[in-house]
Every structure is written in structure tokens, then in C-alpha cells.
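1. no sequence on this one, just coordinates:
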């Protein structure tokens, strides 16, 4: 933890969370203690890995600290449970600020705020208000608001309609996984968590896959793309582009693909191929 | 309960046995049994439906055209019903999303008729009056919302073999409308889950599956994070599942669910969900199967049923659609076919469905959302022409 705080940047592989009981999720602990408030997932269609959706190029930015995941639940009387969803101005402004900053520094033209403010008027309403305030400071970036059910529908019909999406916690969770599904799953999706003072923790969001652990079979693409995000965060854009191009080229060529992508290469073979393409 | 995240190489099957794929389950609106025969007109019919004397007396149905494209698409239904001489007549009422509440006269009509067909009611975003759609559901206690998402023969989509029914709890959950500002800049919203509502939606889902020969029910939840609330929902589903040993039951976390829907939707059969997730899942499933313009659905309670376009997204449409009169009436036509079946007029329901399916299959008359250029009226005329 101290190392991450000192360096301001980290890269993390998957960690297991015990199901049902046992210790609290380590992922959650990391998030809380490092104050990681935004989860960023760029979803780019990977040429060479065919899915029914081939024109995806969007980024989901999810508020990571509050919302429906506050963990505040209680039983009112037997058989009646209440769960609290908290939205604060501070957290909403913070994530909206980051979203517009990200859009600006990555040449993105449009930011869409995803909400259900027609039903949850005060909570999502506050979120939207904060997004609008930040949008006013960035008049050159197009800002729109999309209700979440509309958003889901549009994503599965025509994902190219979206550019950057900014959302509260629960919707962000669902939409970012949906978008990952569009491009081929969590094994190919990079992710980066942003904390205060420019802290960034890039991670792979897929599982630990204990069945292939230690066998040199795993697909490192998700983690590689996450490290590309890390480099971009550090400002090493040119190097990040080179690595990303190499990865995409390797998958497109199709000669060295790991098992999950339909090939027979080992992790090392795939990595060598990427290095060669640099 | 699965918590681990998926990687493509760790494809987790969320069902124990594979449900009957949609390709094997026939969908052309006509129940064909092994005993069907051809009659002298060369028509194949199933064994006949024997009504009770007097069943043919016309039934009153409350009609709420609604906002935006609502009047356009409800008018389509009225035209087709007239052309079929269906034994129903409509009592029409003006309701707009801008009203404070649904007028009493409308509610009385629905209570009297028990059945209602409605277009979309616009809901103002962010402030002001609460959604009239939600009000209607709560007042009439329409606790189950059902959306049927399936591939229409002849309509190409990215996924084949989609035949999913999403049954969503319609009265509580995140839609309880209980929000307040704690201090300026901090707002709380309550999500309420009760055993009573969870049990009754689970009961409805299993009963539906049983009556419609469905083999698998998947409960959608986020109980790894909302342990008490969604945990209670799951508990109720599990209890009811025990009473239906012939129906498979499994559970899936909502984010994984959406991912699976866009990757392999054929693994799902019936899905039962709490309120918010149901909205998202239904719209996603509707999108992958062809869009909001074609998926039918309805809301049902112990006493009443309200039929409307299945997916909520786009049910009011936009100004352009209204002006150019190019809204897609297919969804509401198929919902009205559900209505006819609900009222026990199966032959009329079959005829309407077959006509609609025929028009879609031909591909000549399709509105913009399906890739065509027809107006609403052109589609309606085509359907009426195809009525057998």
C-alpha cells in the first residue's frame, strides 16, 4: 500500500474473493484505502477477434465509491429489507471532472451521463446536476444524458453511438461489463482505477482462473492493455501506442493466439509475438 | 452463487442442463400439435378451442393512447382489431405524462374492464411529478411485468436463437420513490425488498414457466454486494423453486448477466428479476432480439392486466417519428395479441400474430428501426391485408 502511494502508480493482477463468507474482498479494501474513485474501462473492438459487434470504441467511467455499493443495508422488520443508495455532490463532481478531463486528454468528443433520474429524481438528479456543471466548463465537448434503459438498448443495437460514458456505481458496473461483453469478454478488457492526487492502479478484471494457473496458458491481453492505460496515464503516449498496436497486430495476424481466443499458443509464445511486432 | 469474474477461457455455464434452444421451440404464432390435420380449405389447424356459450360477447378494453408515438401505435391496434372483427371494443381515455396523476375515471374504467392497452407515458426527468407508468402499476398492484424477447423469422439480428421472457418485479425495489436529502449535497435513496413481493414474483415466474412449458428460470441479482436486499430476493426464489422440481433454476449476477446476454443469449429461457435489473435486462434482451419496436409485453396483477410495448426504452418515441408517422406498431400489435390470448380469444390471437409475422418475414413493409422506410400506416395496411 505504501509502495502504491509513494509511486502513485500500480499494476495489479486478479485476486480471489472468497464466496459467501471469509474475509472481505481485497479488491474492495484496496479501493477504499487508496481512495480509488473512478474505474475507467476503454472498450475497443479487437480486429481479429470476431464478435457480433465490430464497431465498438467507447470508454466507460464508473464512480467507484458510493451509490448502491455503500453496503448500508438493514432489516426493518422480518421480511422487509432496506438498502441505501447514497449520492453525494462531492463524489459526483469528482468523477464528472475526471470524465471530462479524460475525454480532453484522449481526444474524445462526447461524454454521455447515464442515469435513471426519471425514477430516482433526487439521487440521479444530483448526479446529473453535477455532470451538467462540469460540462459547462468544457463547452467544446458534447454532453448528453441518456436514461439507462435507453442506453442498454442503444449499446446492443449500435455501440458506435457512444464515446465516453460516465455513470454512478451500479449502472457503471452493469454497463462496463456489458461493454466488455460486446468486445469479447473480461479477458480482453483493460481497466484502470483512478485515485486522489493522480494515483492510478491499472488492473485486470478477469478471474484468477485456478484451472489454468501455472500452466503458461493464460491470455495476458487484458493485463497488457491495462499497462498500456498505465503508460498513457504517465504521459508516455507514444510508447503506449506502440505496445497497443503490437498487441492488436498480433491478435489480428492470428498466428499466436492463446486458448481462449481459439489458438494454441502459450503465454510466452504470445508475448514473444507481441514483442516482435513492436 | 458465483462471484468470480469471467474470462473467455473460463466460460461459466450458468445452467445445469441446456434449455430448449429457440430454433427447436417453434414461434410462428400457431400451436401445432401432432394431431393437427388439414381441412378441406388446405388449412392446418390444431385441435379446436371449445368456448363456453356467451364467450364471444364483446369485451371492453380500456385504451390509453399516451404521449408521443403512443396515439399512432394504439390507433394501429384499433384498426387491426376492427378489420378482424375481434370481440373487443375500446374505451379510450386521454392521459398524458404531464398530468399529476391518472384521472379517477380512467382508473375506474380499468378496474371495471380488468384489461387495458396503453401507449407510452412520458416521464419528466429529474424533478416534478412521479412517473405515471409507475403510479399505474402501484395503484393496480400490477406486480409482474413480462417482456417476451425473441427473434422474428426474417428479421436479421446479431444473435439467433433468442427466446427470453423477462419477468420483473414491478412494485418495489429501487422504484419505491423514497428519496431524501440528508444534508445539502448528500442524497439517499431507499431500495426496499420485501419477502412478500419477492415471493409473489417468484411464484408468478414459476407458474408462468409451468403453464408455458418453459424449462429454466434464472434469477438475476447482485447479492454479492447487496447481501441483505438481493439476498432476500434470492431466498424467496429458491424456496419457490423447490416446489417446481421439473423446472431448472439457477442464479446469475446482473453484470455477468448482461455480458452473457450480448455473448450467448441462447442460454437464457425465463428470467426473474427485481425491479431495476429487470428494466435493464429486458431492454438489453429486447435490443439483441430486434429492438423496442417489436417486442411485446404486459403488466399483470391479481385482478388486472395492462398491455403495452415490451421494452420501456423508446416507447414514447421522438418528435421526428411522431411528425413523420413512422413509429413501429409491431410491438403493440404483438402485445395486443397477448391481450387477446389473455382474454381467451386464441384464434384471433393466432390470426393477428401470423399476419404480423408474415409481414415481418416478407420484409417489404418495415419501419426505419428495422431497416426499412415504411410509415406506420403502411405496416398496418400490410398486416390487415395478411389477416387470414
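-> Sure thing, it's come through. On a predicted model such as this, the values are computed, not experimentally measured, just so you know.

2. I'd like the distance between the residue lying closest to residue B:96 once chain neighbours are set aside and chain A.
-> With Cβ to Cβ, 6 or more residues apart in numbering or on different chains as the measure, residue B:67 is the residue that lies nearest to residue B:96, at 5.6 Å, once sequence neighbours are left out. For every residue, glycine as well, the C-beta is placed using N, CA and C. Per Cβ to the nearest Cβ, to the nearest Å, residue B:67 is found 13 Å from chain A.

3. ok, residue A:65 touching residue A:92?
-> No - assessed by Cβ atoms under 8 Å, residue A:65 is found out of contact with residue A:92, at 10.6 Å.

4. Tell me which of these two has more neighbours.
-> Set side by side, residue A:65 and residue A:92 show more neighbours around residue A:92, with 28 against 20, by other Cβ atoms under 10 Å in any protein chain shown.

5. for chain A, what are the nearby residues on the stretch 51-200 of chain B?
-> Neighbours of chain A within the stretch 51-200 of chain B, by Cβ under 8 Å from any Cβ of the partner chain: B:123-128, B:130-131, B:134, B:158-159, B:174-175, B:177, B:179-181, B:184-196.

6. In strands only, show me these.
-> B:179, B:180, B:181, B:186, B:187, B:188, B:189, B:190, B:191, B:192, B:193, B:194 (DSSP state E).

7. What are the boundaries of the helices in chain A?
-> For chain A, the helices defined by DSSP state H cover A:2-7, A:26-34, A:89-105, A:123-137, A:148-157, A:169-183, A:221-233, A:237-253, A:267-276.

8. Which parts of the stretch 101-250 of chain B are strands?
-> Assigned strands in the stretch 101-250 of chain B, in chain order: B:115-118, B:144-150, B:163-169, B:179-183, B:186-194, B:216-221, B:248-253 (criterion: DSSP state E, counting those that start in this stretch).

9. Count residues in the vicinity of residue 185, would you?
-> Reading this off chain A. Residue A:185 is flanked by 28 other residues according to other Cβ under 10 Å.

10. The chain in question should be chain B.
-> Residue B:185 - counted by other Cβ under 10 Å - has 15 other residues nearby.

11. How about residue A:97?
-> Applying other Cβ under 10 Å, we find 18 residues neighbouring residue A:97.

12. Report the contact partners of it.
-> Neighbouring residues of residue A:97 by Cβ atoms under 8 Å, 6 or more residues apart in numbering or on different chains: residue A:134.

13. What's the per-residue pLDDT of it here?
-> At residue A:97, the model reports a pLDDT of 96.

14. Report the contact partners of residue B:78.
-> Applying Cβ under 8 Å, 6+ apart to residue B:78 gives the contacts B:63, B:90.

15. Which residue would you name as the spatial centre of chain A?
-> For chain A, the residue nearest the mean C-alpha position is residue A:41 (2.6 Å; Cα atoms, centre = their mean).

16. Can you list the neighbours in contact with stretch B:178-187?
-> Outside stretch B:178-187, the residues within contact range by Cβ under 8 Å, 6+ apart are A:86-90, A:120-123, A:125-126, B:188-190, B:192.

17. and these, which are buried?
-> The neighbour-count criterion (16 or more other Cβ atoms under 10 Å in any protein chain shown) marks A:86-89, A:120-123, A:125-126, B:188-190, B:192 among these as buried.

18. State the next helix or strand along the chain beyond the lowest-mean-pLDDT helix or strand in chain B.
-> Ranked by mean pLDDT, DSSP states H and E, the weakest helix or strand in chain B is strand B:37-38, scoring a mean of 57. Following strand B:37-38 in sequence order, the next helix or strand is strand B:44-45 (DSSP states H and E).
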